[in-house]
Every structure is written in C-alpha cells, then in structure tokens.
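Trainee: Just to be clear, the model below is a prediction. Sequence and coordinates:
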Amino acid sequence: MKSFKAAVAQTASNPADALASAGKAAAIIREAAGEGAKLIVFPEAFLGGYPKGASFGAPIGIRKPEGREAFRDYYERAIDLDGEEVALIAEATAETGLFAVMGCIERDGGTLYCTVLFFDGEKGLIGKHRKLMPTAGERLIWGFGDGSTMPVFETPLGRIGAVICWENYMPMLRMHMYSQGVSLYCAPTADDRDTWLPSMQHIALEGRCFVLSACQHITRGAFPDDHECALGDDPDTVLMRGGSAIVDPLGNVLAGPDFEGETVLYADIDMAAVARGKYDFDVTGHYARPDIFQLRVDDRPKRAVSNISDEPLSE
C-alpha cells in the first residue's frame, strides 16, 4: 500500500475497569475506520491503567500494608491475553480491518508487564512487546521484558513495531528496530513533556521512518477516589496532558502535538517517503560502519525455570 491514513488515539483509559477501556478502544477503532484509517496506535498501559502519582507504599527499606493492597488491586485490574479485553479489540479489528497497536498491563503469573499488543485485522492478536526497562518507580510494579518480544511485523501497510515510553531513549533498542526495517515506528507513552516531540522527530530522522506516538489525556477524576496521587485529589487536575503526534521520515510533524483534551489525530502516510529519506541516510545500511561499530542482540527468551524434559535427547 503506497499511501493510507493513520491515527493515534489520545484518549483516557478507565483505570478501574480494563473491560470498559477495551470497549472504549473498540468504539474508537470503529470510529477511526469510518474516517478511513488503516492503522491506529493507543497509549501506554491503556488497558489496565497507568497509575500516575502512586507510590505503592514503598519508602526505601519498607513496604507498607496499604502499598501491598494497592498492588493487589492493580494486579486484579490487569489483563490476561486470553481474556475478554483482548477479544473485544480483536473483534473490532476483524470487523474493520484496522491494524491496532494497544498498550496494556499484562498479567503473567504473579508479575505484571507493561506491554504493547499488535492486532492485525482478521488474524487477531499476532504478537506483543514487553517493556524492557521500566522507569524509576515503575520497576516496583512491572517486570522486565526480555529480548524475545521485540518484533517488527511485515504488513501490507509497512513494517510495524513498537517501543514504549522511555525505551525510546535506549539507542541500542532503536538500532535493533531500525535493523528490522521498521517503517511505522509506534511509540505509546506516558511522557507528556514538551521535550517528547523533539525526541520523536529525532527518531523519525534517525530511522527514516514514520513515528506515531500516543499519550493519554486523563484527569484525576478518571481514577477511583481511593487512588493515591502525589498530584492531589482535585478531579479536574490533569495527570497526563497528551502531546500525541505523527511525524514523517524527515522529521516533519504531520499531526499534533495536541494538549487540549481527548482526541484522535489523523495523518496521511506516504510510504514512498521512507525510501526518499534513506537516499542520504540509512543508519543500519549505507550510513553504518560495521567495521567499527557492531550491535549484538540476544533475542532468546529468558525463563527462570526450564525443564530438562522439554529438551531433546542428545544422540
């Protein structure tokens, strides 16, 4: 497909109800399809919620009982990949044919992961990326992804991959994405600062790819009354102010940034711009110097426990 319309959903999740968030996302997918979009990107942790301002009762050396209870509650609000939330999104993408990139909090055993899910129309859920390095206090509540979930998917639209929030500041991860030929680089985030857009422009220029970044616009009032929030309890307080944007391979901003409220941003994507951009800069091709610099990526899954019975017998 040479050109198409893409969308980024700057919308608030329901932090207390992942199924309600999934229903909202499904409605937005159908709305975006009605506007002619073929690809849509949702923010980080849209299903399950980003607990902005919470400390989970964890001063250094102490875990307070109320923090344990807050984590238990957050754990219960996370999603399973075989759950109703995923089914709702898969149904909407199957109905519309949209490719959807969805941030979620994934529950796996006793651990939560900040994850991005990839939905490809009738194929449904085709893969995921788990955040490799949660930032600061996120490390208390989220596990670390390994190298086995850093995919880029070949689609009729282009090669689609995702990097979450401050993972975008990891040069070696970006280099791995570029090496896979990513042309539609999705960046779900919770970073709403003025400095975020220049970072997205840099990545677009560095990778000669389209960058689609989605951040929530959400207020304190979207959270339950008992949500601990360092920013206060005024329901009108804006906890994340958006800043979603779409950038082309030469760093030109096609849509956004928007800081006004919930919205869906659209841009026309001309895939020929990728080749035009790589004319003078291909970071893993003609502009690389593998005689000097090389990156080795360990993309094997890392499991805490493995069974010898799963291994083939040696001859």
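Mentor: Looks like it arrived, so ask away. Numbering: from 1, shown residues only.
Trainee: how about residue 16, secondary structure?
Mentor: Judged by DSSP: H, G, I helix; E, B strand; the rest coil, the three-state class of residue 16 is coil.
Trainee: As CSV, could you dump the C-alpha coordinates of stretch 29-40?
Mentor: Extracted in CSV, the C-alpha atoms of stretch 29-40 (Å, rounded to 0.1, in the frame of the first residue of the first chain):
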residue,chain,number,x,y,z
ILE,A,29,-11.3,1.7,16.3
ARG,A,30,-14.6,1.7,14.5
GLU,A,31,-14.7,5.5,14.5
ALA,A,32,-11.2,5.7,13.0
ALA,A,33,-12.1,3.1,10.4
GLY,A,34,-15.1,5.3,9.5
GLU,A,35,-12.6,8.1,8.9
GLY,A,36,-10.7,5.9,6.5
ALA,A,37,-7.8,5.0,8.9
LYS,A,38,-5.9,1.7,8.3
LEU,A,39,-3.6,1.9,11.4
ILE,A,40,-4.3,3.2,14.9
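Trainee: Which residues does that stretch contact?
Mentor: With Cβ atoms under 8 Å, 6 or more residues apart in numbering as the test, stretch 29-40 has contacts from 1, 4-9, 28, 89, 92-93, 95-101, 157, 160, 184, 212, 264, 266, 269. Any C-beta I mention is one placed from the backbone N, CA and C, and that applies to glycine too.
Trainee: Flag the shaky bits of the stretch 1-150 of the chain, pLDDT-wise.
Mentor: By pLDDT under 70, the weakly predicted segments of the stretch 1-150 of the chain are 1.
Trainee: can you pull out the helices in it?
Mentor: For the stretch 1-150 of the chain, helices defined by DSSP state H, counting those that start in this stretch occupy the ranges 18-34, 65-77, 84-96, 138-141.
Trainee: by contact count, what packs against the second one?
Mentor: Translated: helix 65-77. Judged by 3 or more Cβ pairs under 8 Å, 6 or more residues apart in numbering; DSSP states H and E, helix 65-77 is in contact with strand 99-108.
Trainee: could the helices of the stretch 1-150 of the chain go into a markdown table alongside mean neighbour count?
Mentor: Below are those laid out as a markdown table (neighbours: other Cβ atoms under 10 Å):
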| stretch | mean neighbour count |
| --- | --- |
| helix 18-34 | 20 |
| helix 65-77 | 15 |
| helix 84-96 | 20 |
| helix 138-141 | 16 |
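Trainee: quick one on the thing from earlier: report the buried members of the contacts of stretch 29-40.
Mentor: Neighbour-count burial (16 or more other Cβ atoms under 10 Å) applied to the contacts of stretch 29-40 gives 4-9, 28, 89, 92-93, 96, 98-101, 157, 160, 184, 212, 264, 266, 269.
Trainee: Quick one: residues contacting the spatially most central residue of the chain.
Mentor: The residue lying closest to the centre of the chain (Cα atoms, centre = their mean) is residue 188, at 3.5 Å. Listed by Cβ under 8 Å, 6+ apart, the contact set of residue 188 reads 41-44, 46, 101, 103, 116, 162, 164-165, 213-215.
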